[in-house]
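Peer 1: Mind looking at a prediction? Sequence and model below.
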Amino acid sequence: MSSFRRLSVLAITAAAATLISTTGPAQADVQSLRGRGTVDVRLIGINDLHGNLEPPTGSSGRVIQPDGTTVDAGGAAFNATHIKNLQNEVKNSVLVGQGDLIGASPLVSALFHDEPTIEVLNKVGLQATAAGNHEFDEGYKELLRIQRGGCHPTDGCQFRDSYPGAKFPILGANVTSAKTGLPALPPFWVEIRDGMPIGFIGMPLKDVPVLVNPTGIKEIQFGDEVKAANKYANFLDAIGVKSIVLLVHQGDQVTAPTGGPNACNVAANNPGSYIAANVSPKIDAVFSGHSHQHYNCVVKDPAGNPRPFIEGLAFGRELSVVDLKIDRRTRDVIRGETKADNKIVTRTVTPDPDVQAIIDLAKQKVAPIASRPLGTISEDIVKLQNAAGESPLGNLIADSQLAATQLTGNAVIALMNPGGVRKDLVYKSNKGEGDGVVTYEEAADVQPFGNILQTITLTGAQLKNALEQQFSAKRTFVLQPSAGFTYSWSASAAFGSKISDIKLNGVAIDPNASYRVTVNNFLAGGGDDFSEFTKGTALVGGPIDLDGFAAYLAAHPNQSAPKLDRITQLP
């Protein structure tokens, strides 16, 4: 029997055993306890860690407080200490995750396929997590290896002599086999505290197929979050689990950056809010993720009862804490007694020595590669996009991809997805010195996915169609263009008619002519909803994106930030 099936069976067995033990006639003592008072349980959630074992730097390592001041936050060893402190305040606690705990990670974790991060999560006692979209970055089979253990099929075991796997279940209630329709990941998990069963339903967002390389997830499919949550809430309720929590890797963008960790600056009917308000009334709390924002909200369930809807800042900067009071008689949460709070993971506590030892080992093993200089920059080159959608770093990466494929693929244009640009290139080193040297680690942190560059032929009409797909009712996702490729887009124009004045080196794009366009394999497979790229022909493979970036930096010393003059936004 597979590990996932064993986990599911164990969860169901635990829940059923609880039901039997609390209702069987031979359990008089337990039966009498059910009528006495309440049980307090603290839930501690972490989301979007992305393998940030070391304290994240720059704005990614700070939290803005309600008064506008900032505090340095994050770092797995500090996280571990805060978790212990939160657990020591109560008798009963459960540590859970809301997805993207691995994937798009810094080199210290990514080089070892995030095995160091899993070891840290095992060490701090994570009991269950939802899968996020980044858990599928290397495909479904790799996620199974992360769960079950075993050395990587290509790279072997590089971090330790063996890899035992995650001690916690990675949940996917809406993830099923494309062939059979059966669960492809365990849909839920049950923890018991003071005789009270607590069910955790976990899942990624349904849009995973447009966020990861489609070739790695061909054998599975992703269903509607609300339907999946309701299905398993009904099942848990039927077997006697009345306290139910949803861990969902889908959240909301905030409408205002002010207010601090516990403001509720989210708009109604955003993806996360919609799920939180519409899943079954049997679900007592909703932990969310994915948006990298923080908020602490109370929503009304379909029956009109309040429940928390909460997300903490990404990269381990915050822990989401929800304190439940469970009625022993009904075994259900007393909603009016629930308290929720996003706790900042400050760096003023003593870092956990056991977790720090894991991090130090990873740093030691990665150091020879990480410290290798690739090139130099003359100023900060940031990923922040302007109003038109351009970013200096996005343009630089597109330039590097064009240069890497001009000879091998005859490329004339390169387009980079902004979601693949993860961190700024900063002039100062991690030690605060203004040296301008870009190390392999810093470049890998910018582009951590290891995508392969691919050059395809598109007609001018297909190229325009691809640019039109940047804009839809649910999102605006502006691709980063290489030098010489320019166009305009109108904010007021209808979807499908926003793009105009497309030129290559000042010459208008001919709808009937053919152009060699470089994208990464993620986009070439239709990722981020760019289905037009799948129509490309005469595909020629190129280098890994990071290798192309490294070569470009080496060939262009003292690189400055490219000008933002490739995309023009019109009214």
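Peer 2: Okay, I see it.
Peer 1: only C-alpha atoms for contact and neighbour calcs from this point on.
Peer 2: Noted.
Peer 1: gap between residue 278 and residue 232?
Peer 2: Counting by C-alpha to C-alpha, to the nearest Å, the gap from residue 278 to residue 232 is 14 Å.
Peer 1: For the residue nearest the centre of the chain, which three-state class applies?
Peer 2: The centroid of the chain falls nearest to residue 100 when counting by C-alpha atoms, centre = their mean (3.4 Å). Secondary structure, DSSP: H, G, I helix; E, B strand; the rest coil: residue 100 is coil.
Peer 1: I figured it hits residue 290, correct?
Peer 2: Yes. Between residue 100 and residue 290 there is a contact at 7.4 Å, judged by C-alpha atoms under 8 Å.
Peer 1: okay, and the common contacts of these two?
Peer 2: By C-alpha atoms under 8 Å, 6 or more residues apart in numbering, residue 100 and residue 290 have these common neighbours: 47, 48, 132, 249.
Peer 1: Most neighbours among those, which one is it?
Peer 2: Greatest neighbour count in the shared contacts of residue 100 and residue 290, by other C-alpha atoms under 10 Å, goes to residue 47: 34 neighbours.
Peer 1: sorry, back to before: looking at residue 278 and residue 232, which one has more neighbours?
Peer 2: Taking neighbours as other C-alpha under 10 Å, residue 278 and residue 232 compare with residue 232 leading, 21 against 18.
Peer 1: on contacts alone, who are the packing partners of the helix or strand that one falls within?
Peer 2: Per DSSP states H and E, residue 232 falls inside helix 225-238. Packed against helix 225-238, as judged by 3 or more C-alpha pairs under 8 Å, 6 or more residues apart in numbering; DSSP states H and E, are the following elements: strand 196-204, strand 243-249, helix 271-278.
Peer 1: which of those sits most buried?
Peer 2: strand 196-204 (a mean of 29; mean count of other C-alpha atoms under 10 Å).
Peer 1: Can I get it in CSV, CA atoms only?
Peer 2: Only the C-alpha atoms of strand 196-204 are listed here, as CSV (Å, rounded to 0.1, in the frame of the first residue of the first chain):
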residue,chain,number,x,y,z
MET,A,196,-11.5,15.7,20.8
PRO,A,197,-11.0,14.9,17.1
ILE,A,198,-10.1,17.8,14.9
GLY,A,199,-10.3,17.3,11.1
PHE,A,200,-8.1,19.2,8.7
ILE,A,201,-9.1,19.3,5.0
GLY,A,202,-6.2,20.6,2.8
MET,A,203,-5.9,21.5,-0.8
PRO,A,204,-4.2,23.6,-3.4
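Peer 1: Show me what the helix or strand just after that strand is packed up against.
Peer 2: Using DSSP H and E, the helix or strand that follows strand 196-204 in sequence is strand 220-222. Strand 220-222 is packed against strand 175-177, with contacts defined by 3+ C-alpha pairs under 8 Å, 6+ apart.
Peer 1: Flag every buried residue along the helix or strand following the strand it packs on.
Peer 2: Toward the C-terminal end, the helix or strand that comes next after strand 175-177 (DSSP H and E) is strand 188-193. By 16 or more other C-alpha atoms under 10 Å, the buried positions in strand 188-193 come out as 188, 189, 190, 191.
Peer 1: Output stretch 474-485 as PDB - backbone C-alpha positions only.
Peer 2: Extracted as PDB, the C-alpha positions of stretch 474-485 are listed here (Å, rounded to 0.1, in the frame of the first residue of the first chain):
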ATOM      1  CA  LYS A 474      -9.400  37.400 -13.400                       C
ATOM      2  CA  ARG A 475      -5.900  38.700 -13.800                       C
ATOM      3  CA  THR A 476      -3.300  41.000 -15.500                       C
ATOM      4  CA  PHE A 477       0.000  39.200 -16.100                       C
ATOM      5  CA  VAL A 478       2.400  41.200 -18.200                       C
ATOM      6  CA  LEU A 479       5.300  39.300 -19.800                       C
ATOM      7  CA  GLN A 480       8.700  40.900 -19.700                       C
ATOM      8  CA  PRO A 481      10.000  41.700 -23.200                       C
ATOM      9  CA  SER A 482      13.600  41.600 -24.600                       C
ATOM     10  CA  ALA A 483      15.200  44.700 -26.000                       C
ATOM     11  CA  GLY A 484      14.000  45.900 -29.400                       C
ATOM     12  CA  PHE A 485      10.500  44.400 -28.900                       C
END
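Peer 1: How about residues contacting it?
Peer 2: 389-391, 394-396, 398-399, 402, 413-418, 467, 470-471, 502-506, 566.
Peer 1: Put the buried members of those residues into a PyMOL selection.
Peer 2: A single PyMOL command selects the buried members of the contacts of stretch 474-485 (16+ other C-alpha under 10 Å):
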select buried, resi 389+390+391+394+395+396+398+399+402+413+414+415+416+417+418+467+470+471+502+503+504+566
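Peer 1: Go through the contacts of stretch 474-485 and flag which are in strands.
Peer 2: The members of the contacts of stretch 474-485 that map onto strands under DSSP state E are 413, 414, 415, 416, 502, 503, 504.
Peer 1: With pLDDT and distance to residue 178 as added columns, please give those in a markdown table.
Peer 2: Putting those into a markdown table (pLDDT from 0 to 100; distance: C-alpha to C-alpha, whole Å) gives the following:
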| residue | pLDDT | distance to residue 178 |
| --- | --- | --- |
| 413 | 98 | 36 |
| 414 | 98 | 34 |
| 415 | 98 | 31 |
| 416 | 97 | 30 |
| 502 | 98 | 40 |
| 503 | 98 | 42 |
| 504 | 98 | 42 |
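Peer 1: still on that earlier bit, dump the helices and strands packed on helix 225-238 into TSV; add distance to residue 320 and mean pLDDT as well.
Peer 2: As requested, the helices and strands packed on helix 225-238 are exported to TSV (distance: least, C-alpha to C-alpha, whole Å; pLDDT from 0 to 100):
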stretch	distance to residue 320	mean pLDDT
strand 196-204	15	98
strand 243-249	12	98
helix 271-278	16	96
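Peer 1: tilt between the helix holding residue 232 and helix 271-278?
Peer 2: Angle of helix 225-238 versus helix 271-278, following axes from the mean of the first three to the mean of the last three C-alpha atoms, to 10 degrees, is 40 degrees.
Peer 1: Residues contacting helix 225-238, please?
Peer 2: Residues outside helix 225-238 that contact it (C-alpha under 8 Å, 6+ apart) are 15, 173-174, 187-188, 199, 201, 203-206, 242, 244, 246, 275, 278-280, 282-283.
Peer 1: hmm, try it at 6 Å
Peer 2: Contact with helix 225-238 is made by 173, 174, 279, 280, as judged by C-alpha atoms under 6 Å, 6 or more residues apart in numbering.
Peer 1: Please give the number of neighbouring residues around the nearest residue to the second one once chain neighbours are set aside.
Peer 2: This points to residue 174. Computed as C-alpha to C-alpha, 6 or more residues apart in numbering, the closest residue to residue 174 that is not its neighbour in sequence is residue 223, at 4.9 Å. Burial of residue 223 is recorded as 18 neighbouring residues (other C-alpha under 10 Å).
Peer 1: So residue 223 versus residue 531, what's the distance?
Peer 2: Taking C-alpha to C-alpha as the measure, residue 223 falls 20 Å from residue 531.
Peer 1: Please name the residues that touch residue 571.
Peer 2: Residues near residue 571 by C-alpha under 6 Å, 6+ apart: 490, 491, 492.
Peer 1: Check the last one and give its pLDDT.
Peer 2: Same thing as residue 492. In this model, residue 492 is scored at 96, pLDDT.
Peer 1: In the stretch 51-200 of the chain, what residue spans correspond to helices?
Peer 2: Here the stretch 51-200 of the chain has its helices, by DSSP state H, counting those that start in this stretch, at 76-88, 107-110, 115-124, 140-148.
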